[in-house]
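Colleague: this one's structure only:
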């Protein structure tokens, strides 16, 4: 059993924010693998289905970025999902836009969504860090809560496709292979 978590904020005006890239990836997974219709459960929007021979759940927490851990803790306790079977998709300022890095555990690097997850479920889960780049002359909060520009929207479609095409590597926990394949 695998749990995909996309980090973001649930308000309509946040929909196209850089901080919501995790939500965008969950939407792409849901669509490409025909997972169930999103239902409000466990303080999030939950879908489920199969990818290959794996039972998967995908969730977009509705608790806002800074409280994502409360949603995920309830879900994993109910379904008895191990933290090591969780894959979290989130934005990363320290990575160039469009670059993707996957890793297991690690520091939160100031990301409030990751801080919340670490607080409620520990650090023993996989993370897919999707680069949004560092802003020039714009405050960080304004940048991450700002919408993708037109060029970024086009690139976001390509990013989603790459992740979808290599999702089996994430499911099989081949994070290094995923990172190297996806950025080539």
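Modeller: Here it is on my side, so go on. Values in this document were obtained by computation on a predicted structure and should not be read as measured data. Numbers count the residues shown, from 1 in each chain.
Colleague: Tell me, what's the model's pLDDT at the residue positioned nearest the centre of the chain?
Modeller: Centroid check for the chain by CA atoms, centre = their mean gives residue 89 as the closest residue, at 1.8 Å. On pLDDT, residue 89 comes in at 98.
Colleague: In the longest helix seen in the chain, which residues are buried?
Modeller: Counting residues, the longest helix found in the chain (DSSP state H) is helix 150-165. By neighbour count with 16 or more other CB atoms under 10 Å, helix 150-165 contains the buried residues 152, 156, 159, 160, 162, 163. All C-beta spots, glycine's among them, are computed from the backbone N, C-alpha and C.
Colleague: Please report the distance of the fourth one from residue 80.
Modeller: The reference is to residue 160. 30 Å (CB to CB, to the nearest Å).
Colleague: Quick one: classify the most far-flung residue of the chain relative to its centre as helix, strand or coil.
Modeller: Farthest-out residue of the chain from its mean C-alpha position, per CA atoms, centre = their mean: residue 137, at 26.8 Å. Three-state assignment for residue 137 (DSSP: H, G, I helix; E, B strand; the rest coil): coil.
Colleague: Next, the angle from the least confident helix or strand in the chain by mean pLDDT to helix 150-165.
Modeller: Within the chain, judged by mean pLDDT, DSSP states H and E, the helix or strand with the poorest mean is helix 175-182; its value is a mean of 89. With axes from the mean of the first three to the mean of the last three CA atoms, to 10 degrees defining the directions, helix 175-182 sits at 130 degrees from helix 150-165.
Colleague: which outside residues touch helix 175-182?
Modeller: Identification of contacts with helix 175-182 by CB atoms under 8 Å, 6 or more residues apart in numbering yields 100, 101, 102, 103, 104, 126, 128, 162, 163, 166, 169, 170.
Colleague: if we go to 10 Å?
Modeller: For helix 175-182, contacts defined as CB atoms under 10 Å, 6 or more residues apart in numbering pick out 87, 99-104, 126-129, 159, 162-163, 165-172, 174.
Colleague: Distance check, the residue nearest to the centre of the chain against residue 47.
Modeller: For residue 89, the distance to residue 47 equals 14 Å [CB to CB].
Colleague: Now do the buried residues in stretch 165-177.
Modeller: So for stretch 165-177, counting by 16+ other CB under 10 Å, buried means 166, 167, 169, 170, 171, 175.
Colleague: got it, and stretch 122-136?
Modeller: 125, 126, 127, 128, 129, 130, 131, 132, 133.
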